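**Q** Have a look at this fold, sequence not included:
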Ligand SMILES: Cc1ncc(COP(=O)(O)O)c(C=O)c1O
């Protein structure tokens, strides 16, 4: 692991906050320069949050089965993506590898950190091109000079293509690559597949990301989860902002996890709606392909993505135009909403057909 980390991170003496130095119960807290009272009638609003979100992480273990000692929380999984890049890649020297089309933030965080982005595109089926990846990695090893390929981002189910990679495929990548493999499972709850978490005991160089922003309906709270080796979790704890997850966010996340039954019911509903939408959309003459999806969105190839996007937007329904992404010409991504929202979307498609195909 040390080989994958930046030297300054290995040697880093992290900021020691008041709430990490003293974790017990006291009568009087005069250690953190907080106000002695709050003005918003929320318990502990005037106090700094628990830096390690201990109660929440215990709940996460209980409900999601992600072992307490192996988790660290971020302000969204976006923060964890950024932390992983910052922990491993020396700016101007090291690089990350992505498999496009995929989640755009990997590139953005790399760019912000002045970290080079290398690419091995997915096959037209959106599966990983394992032979091409193998060739790329052995070439990279041979040509390695000062900088090094440190991270490989795998997104499964992948945004925006919606497909999942099998555990065999993920294992094949893990055996090929000796850097850190970041498996982003933001949409895992919507899929029927097996989680890569089961591979963690076998592969130290794997870290899995989850989020409460999607299936758990908590995008506003910004709660992301990294699951990995104790060593890696320790490193993220060292470099994250000490109080990265506010008390209101931790409290909201606890409430959501206590309501797991309702979330599970809504997952069934989203999956039913996904299949209804997929069938209905495939019936429109302007739709060329509705790709299968393991997530809470559908990727469609249409006649003219920009024209469709503009038409729907002007009629009050926003979808995502992905036509400029590599391999996604004339593709749009549509979130599966409530039944009523999906009906409005379908009416929008009907109106589009009347306007351009009548
Ligand atoms: C694949 C993927 N990973 C991570 C994220 C970020 O999620 P969070 O809200 O936890 O930062 C998203 C958000 O759209 C996503 O699509």
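**A** Done, it's in. Keep in mind the model is a prediction, meaning the values are calculated, not measured.

**Q** Leaving out sequence neighbours, find the closest residue to the residue positioned nearest the centre of the chain.
**A** In the chain, the centroid-proximal residue (CA atoms, centre = their mean) is residue 186; its distance is 4.1 Å. Spatial nearest neighbour of residue 186, chain neighbours left out: residue 211 (4.8 Å); criterion: CB to CB, 6 or more residues apart in numbering. Placement of C-beta: from N, CA and C, glycine included.

**Q** Tell me how many other residues surround residue 192.
**A** One way to gauge burial is a neighbour count; for residue 192, by other CB atoms under 10 Å, it gives 7.

**Q** Which residue, other than its chain neighbours, is closest to it?
**A** Here the residue nearest residue 192, using CB to CB, 6+ apart, is residue 294, at 7.1 Å.

**Q** residues near the one you found, how many?
**A** Around residue 294 sit 20 other residues, with neighbours defined as other CB under 10 Å.

**Q** element containing the residue lying closest to residue 258 once chain neighbours are set aside?
**A** Nearest-residue entry for residue 258: residue 59, 7.5 Å, with adjacent residues in sequence omitted and distances by CB to CB, 6+ apart. Taking DSSP states H and E as the definition, one finds residue 59 inside helix 54-64.

**Q** now the strands: where do they sit in the stretch 201-350 of the chain?
**A** If DSSP state E, counting those that start in this stretch is used as the criterion, the strands of the stretch 201-350 of the chain fall at 206-211, 223-227, 287-290, 297-302, 320-321, 331-335.

**Q** which outside residues touch the fifth one?
**A** Okay, so that is strand 320-321. Surrounding strand 320-321, the residues in contact under the criterion CB atoms under 8 Å, 6 or more residues apart in numbering are 160, 305, 306, 309, 332, 333, 334.

**Q** out of the strands of the stretch 201-350 of the chain, which comes closest to residue 151?
**A** With distances scored as CB to CB, the stretch of the strands of the stretch 201-350 of the chain nearest to residue 151 is strand 206-211 (9.4 Å).

**Q** Given that closest one, what are its sheet partners and their directions?
**A** Sheet partners assigned to strand 206-211 using DSSP bridges are listed as strand 180-184 (parallel), strand 223-227 (antiparallel).

**Q** domains for the protein, by residue range?
**A** Domain assignment for the chain by automatic domain parsing gives 2-258, 261-357.

**Q** could I get those domains as a markdown table with mean pLDDT and distance to the ligand?
**A** Conversion of the domains of the chain to a markdown table gives the following (pLDDT from 0 to 100; distance: least, CB to the nearest ligand atom, whole Å):
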| stretch | mean pLDDT | distance to the ligand |
| --- | --- | --- |
| domain 2-258 | 96 | 3 |
| domain 261-357 | 97 | 8 |
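
**Q** Can I get the strands paired with strand 206-211 in JSON lines including mean neighbour count?
**A** Written out in JSON lines, the entries for these read as follows (neighbours: other CB atoms under 10 Å):
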{"stretch": "strand 180-184", "mean neighbour count": "25"}
{"stretch": "strand 223-227", "mean neighbour count": "25"}
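
**Q** Out of the ones you listed, which is closest to residue 275?
**A** The stretch from the strands paired with strand 206-211 with the least distance to residue 275 (CB to CB) is strand 180-184; that distance is 24.2 Å.

**Q** ok, residues contacting the closest one?
**A** Counting by CB under 8 Å, 6+ apart, strand 180-184 makes contact with 4, 77, 81, 84, 88, 103, 150-156, 170, 173-174, 196, 203, 205-209, 232, all of which sit outside it.

**Q** repeat that with 7 Å
**A** The set of residues that contact strand 180-184 without belonging to it, under CB atoms under 7 Å, 6 or more residues apart in numbering, is 4, 77, 84, 88, 103, 150-156, 170, 173-174, 196, 205-209.

**Q** quick one on the thing from earlier: just list whatever residues bridge to the residue nearest to residue 186.
**A** Using DSSP bridges, the bridge partners assigned to residue 211 are residue 224.

**Q** Tell me who's in contact with it.
**A** The neighbourhood of residue 211, defined by CB under 7 Å, 6+ apart, consists of 76, 77, 186, 223, 224, 225.

**Q** let's go with 6 Å and repeat that
**A** Each residue near residue 211 by CB atoms under 6 Å, 6 or more residues apart in numbering is listed here: 77, 186, 224.

**Q** residue ranges for the helices of the stretch 201-350 of the chain, please.
**A** Assigned by DSSP state H, counting those that start in this stretch, the stretch 201-350 of the chain shows helices spanning 230-239, 247-258, 260-282, 305-314, 339-357.

**Q** export those helices to JSON lines and tack on mean neighbour count?
**A** Conversion of these to JSON lines gives the following (neighbours: other CB under 10 Å):
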{"stretch": "helix 230-239", "mean neighbour count": "17"}
{"stretch": "helix 247-258", "mean neighbour count": "18"}
{"stretch": "helix 260-282", "mean neighbour count": "15"}
{"stretch": "helix 305-314", "mean neighbour count": "17"}
{"stretch": "helix 339-357", "mean neighbour count": "14"}
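
**Q** mind checking which of the ones you listed is nearest residue 48?
**A** Here helix 247-258 is closest among the helices of the stretch 201-350 of the chain (CB to CB), at 8.3 Å.

**Q** Give me the buried positions along stretch 315-328.
**A** By 16 or more other CB atoms under 10 Å, the buried positions in stretch 315-328 come out as 317, 319, 320, 321, 322, 323, 325, 328.
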